[in-house]
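**Student:** next come a sequence and a model predicted from it.
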Amino acid sequence: MPTNLKQIVQKRLLDDMIRRVQPSGRWKVLIVDPVSMKILTSVLNTFQILEENVTTIELISKKRQPYRQQEAIYFMAPLPESVNLFIQEFPGSMGQQMYKCAHMFFTSSLPQELFDKILKSSSRHLIKSFTELNLDFIPLEAQAFSVLSTQSFYRLYSPEVSRDDVQREIERIASKLSTFMATIGEYPYIRCYEGPKDTESQHGPKTPLLGAELHRQLETLVKNDSDFAALKESNTDRPTLLILDRMFDLTAPLIHEFTYQAMVNDLLDIDGSTYKFQLDGPNGPEDKEVVLDEEDHLWMELRHRHIAECINDITASFKKLTENKAAGADAGQKAGNLNDLRDVVTQLPQYMKEKDLHSAHISMAQDCMGLYSKLKIPDIAAVEQDIATGETQDGRPAKSVLGDLVPLLDEQEVQTMDKLRLLMLYLIDRGGLLQEDRTKLVAHAQIPPDMATAMTNLEFMGVPVTKEPGQKDRKKPKRKKKTNKGAEEFALSRHVINLRYVIDEFVDGVLDMKEYPFYGDQPNANGSGVPTGPKAPPSTLRGTKPSWQKKGTTTGSTSSKQELASRKGAKLFIFIVGGMTFSEIRNIYELSDTLNRDIFIGSTQTWAPRQMLSSLQGLTIRQDAWSDVDYGYNIGPSPIIEFTRPAPASNAPKSQRTAPAPTQAPTPAPAPQKPPKSPVKEEKPEKKKKKKLFF
């Protein structure tokens, strides 16, 4: 299996922070701020931390009981708020401090002014150790990470933000990316998406700025850390970082995806990674919740599979579970001694845990399919696929797209959000619309003007929104046709996202050098990097030189190390400025398996379609771009409009749900015999065959 980002960060936190502090009194306290708490809880649960002789885990912004006989680990982001709160914990009066002494660990480099502020405070005498960890990112999954910049989209693409503030945000992202590379011990070649050179848009990708700034920061790290400098001098296995901009593919965040993880986050109300549902209990319905992470084996097995396959697999797994329970009950009745009965009883808690887990996924699958039918998702997705692929299901040119789209704009069951997504996909595909035509379509769909700004604001993502009379449709780049896994079986999953083309072209060595140039040194024909600059000096005292940074260090067993050695090619890192999608994350895993290569993806945030629409809509609203929403000390600006889904349709209360039978999906209602007339002119449509569903 490939390198696991969660395991790397977990090992880093345990070995280089928590286990590194060994007080004489054995016990210690762990203090975190809102940012570091997200990093910590992404890889460690409370029990794992308390096992390391930690008596309590506290948030620095909350009032706490002092433990003046215990030493404290402070794990914080280098923020003024966190530093000020720390200084208040250790006033000048003896006996008034919160803890015996402090061991300070920062997620990234502490600005000099904050470092000086700590040195001038009364707390300096009680600081026993000081370390900058270089851990300013969250490992979302084994091969996916985030740099904690939920406001980046506004800061980078809004016309209300100044160039200086754009550069400030670029520097923040570059700093977080450099900590990521330092943590995993890699100095990559950097290639950035610059877009087609013939584009007429005034709003280009932000990747050139980020590529240049990241190269500068990595070079600074090379000068300050001899171990990291050695990575650059390595002649083999240097990875590549491809920095992409969200504008390289705006179809992916808008189109309906029918794999489990993407569909759940699109259609259901998921709080972060938590799903809430109800089960029958002894006193009536009980509220339950399940965290959709790598501790959930069903989630891991199902998340990248098509919803049709998931329903069949959940049904089979639930049936097997109940059969095993029945066999266990029978064994209990036949138990011949206390040891046999004890074995049966000890299996009961695990059975109840599995029962709740299966119930959660049964509930999610039923909710998804209820909304799939209720909101006419099959009809919507059929048109989306024709727009995105340019072909009908049977491989003919899609010439009747507008004629198929307009009737859906009249359907009351189709949500306004889905109508807007359809129109945005159509506009992107056509390279803009006549202003008169766009206005007619928006009015026909009855989309409120404030919601419709999400479509007009595509202009700031490099999309030509308004087309002049007589202007031709944009030419699509010619690429070798690809198919998604299972596309032959599922007609609503034909579209292949751009990321898959980019990675395939990179692996084949044909990725356009003009559109994706190098920043900094680049490999020679034999694959080695071009050495630049003198040998780096010894590392700074404020840094840290953990053993995991050394080349070849891996986590796991000997067999996993042998498997890692057999993987083909150097690591490949993808970073998407402006948000990544669940379909892009899924493709990373699929390509990593297919190519037998370590591939990772990261971004400023992960998009569900409604979040993308809300952020696009807010680009032209003046707001505080530098609120503390990323840091957690304040709530930050609210979405201008909440794009929400209705409650799932179900024939029975959630508490009474059982495993869904692997039957055919609901057939959408037949189209009216006389569809509404299109509000804009289009070529004469061809006769269209009835679409098949994905079941």
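**Tutor:** Cool, the structure landed.

**Student:** quick one, what contacts residue 135?
**Tutor:** Contacts for residue 135 (CB atoms under 8 Å, 6 or more residues apart in numbering) come out as 9, 12-13, 39, 107-108, 179, 183. For glycine as for every other residue, the C-beta is placed from the backbone atoms N, C-alpha and C.

**Student:** again, but for residue 108
**Tutor:** Counting by CB under 8 Å, 6+ apart, residue 108 makes contact with 77-78, 132-136, 175-176, 179.

**Student:** cutoff 10 Å now
**Tutor:** Shown in contact with residue 108 (CB atoms under 10 Å, 6 or more residues apart in numbering): 35, 77-78, 132-137, 172, 175-176, 178-179, 182.

**Student:** same check, this time on residue 435
**Tutor:** 456, 465-469.

**Student:** in helices, which of the contacts of residue 108 fall?
**Tutor:** Members of the contacts of residue 108 lying in helices (criterion: DSSP state H): 35, 172, 175-176, 178-179, 182.

**Student:** using CSV, lay out those together with distance to residue 146 and pLDDT.
**Tutor:** Listed next are the ones in helices among the contacts of residue 108 as CSV, based on distance: CB to CB, whole Å; pLDDT from 0 to 100:
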residue, distance to residue 146, pLDDT
35, 12, 92
172, 13, 93
175, 14, 94
176, 9, 94
178, 15, 94
179, 13, 93
182, 17, 91
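
**Student:** now, of the residues you listed, which are buried?
**Tutor:** Among the ones in helices among the contacts of residue 108, those classed as buried by 16 or more other CB atoms under 10 Å are 35, 172, 175-176, 178-179, 182.

**Student:** how close does the residue positioned nearest the centre of the chain sit to residue 141?
**Tutor:** What sits nearest the mean C-alpha location of the chain, by CA atoms, centre = their mean, is residue 606, with 3.5 Å. From residue 606 across to residue 141, the span is 10 Å (CB to CB, to the nearest Å).

**Student:** ranges for the helices of the stretch 351-500 of the chain?
**Tutor:** 377-389, 401-410, 416-430, 435-444, 449-456, 498-507 (DSSP state H, counting those that start in this stretch).

**Student:** cool, the stretch 101-250 of the chain as well?
**Tutor:** Along the stretch 101-250 of the chain, the stretches classed as helices by DSSP H, counting those that start in this stretch are 112-120, 152-157, 163-184, 207-224, 226-233.

**Student:** among the helices of the stretch 351-500 of the chain, which comes closest to residue 195?
**Tutor:** helix 498-507 (12.0 Å; CB to CB).

**Student:** which strands or helices does the closest one pack on?
**Tutor:** Of the remaining helices and strands, those touching helix 498-507 by 3 or more CB pairs under 10 Å, 6 or more residues apart in numbering; DSSP states H and E are strand 240-245, strand 572-577, helix 582-595, strand 599-603.

**Student:** got the angle for the shortest one vs helix 498-507?
**Tutor:** It refers to strand 599-603. Strand 599-603 and helix 498-507 are oriented at 130 degrees to each other (axes from the mean of the first three to the mean of the last three CA atoms, to 10 degrees).

**Student:** and the next helix or strand past strand 599-603?
**Tutor:** Next helix or strand after strand 599-603 toward the C-terminus (DSSP states H and E): strand 606-607.
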